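> got a predicted structure plus its sequence, pasted below:
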Amino acid sequence: MYRFYINCHHWRPTRQQWIYANRCLPIDELKRVINMPTLFWCPTKMTLPNDHIVEHHLPQTIKPTNYTNSAGLRYEAIACRDEIMNGKTEHPFMTLEHSLQIARIIEEARKQMLTPKQ
């Protein structure tokens, strides 16, 4: 497991840079973390703060995928197909309201980032 601590006082990393450099995700003021051995954007194994190891296996693919661990995207496609086959138009884990909430958050982030500071 890779774990690098940043001790430079002059460099203040962004949250994403810190996560990438340390291979772990802080969950409360850096007191507890979720450790990920590699690929924090698509991990298949994580160590929780209580030292419990969680592993997720990727579905098999017929052909190789373009990106590392992108076979995991199949879970979303499979869930979508299952709901369509059951005559539903949305999945209970990702409702229309949830999608709209994400869109509102992204729109607000764009406004805040693109509005010139006074």
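Yes, it's here.

> and stretch 73-87, how far from the chain's centre?
From the chain centre to the centre of stretch 73-87 is a distance of 20 Å (Cα atoms, centre = their mean, to the nearest Å).

> so which residues make contact with that stretch?
58-59, 61, 89-91, 93 (Cβ atoms under 8 Å, 6 or more residues apart in numbering). Placement of C-beta: from N, CA and C, glycine included.

> now Ile106, what's its secondary structure?
helix (DSSP: H, G, I helix; E, B strand; the rest coil).

> what about it, neighbour count?
10 (other Cβ atoms under 10 Å).

> and for Asn35?
20.

> who's it bridged to?
Per DSSP bridges, the residues bridged to Asn35 are Cys24, Thr47.

> okay, now the domains of the protein?
With domains defined by automatic domain parsing, the chain comprises 1-57, 59-118.

> as a markdown table, those domains with mean pLDDT would be great.
Converted to a markdown table, those look like this (pLDDT from 0 to 100):
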| stretch | mean pLDDT |
| --- | --- |
| domain 1-57 | 66 |
| domain 59-118 | 88 |
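
> buried deepest among those, which one?
domain 1-57 (a mean of 12; mean count of other Cβ atoms under 10 Å).

> which residues in the protein form helices?
Under the criterion DSSP state H, the chain contains helices at 15-22, 74-85, 96-114.

> distance to Asn35 added to those, as JSON lines?
Shown next, in JSON lines, are those (distance: least, Cβ to Cβ, whole Å):
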{"stretch": "helix 15-22", "distance to Asn35": "9"}
{"stretch": "helix 74-85", "distance to Asn35": "23"}
{"stretch": "helix 96-114", "distance to Asn35": "27"}
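
> out of the ones you listed, the one nearest Ile53 is which?
Nearest to Ile53, of all the helices of the chain, is helix 15-22, at 17.9 Å by Cβ to Cβ.

> thinking again about what came up before, show me the contacts of stretch 73-87 that map onto strands.
Of the contacts of stretch 73-87, none are assigned to strands by DSSP state E.
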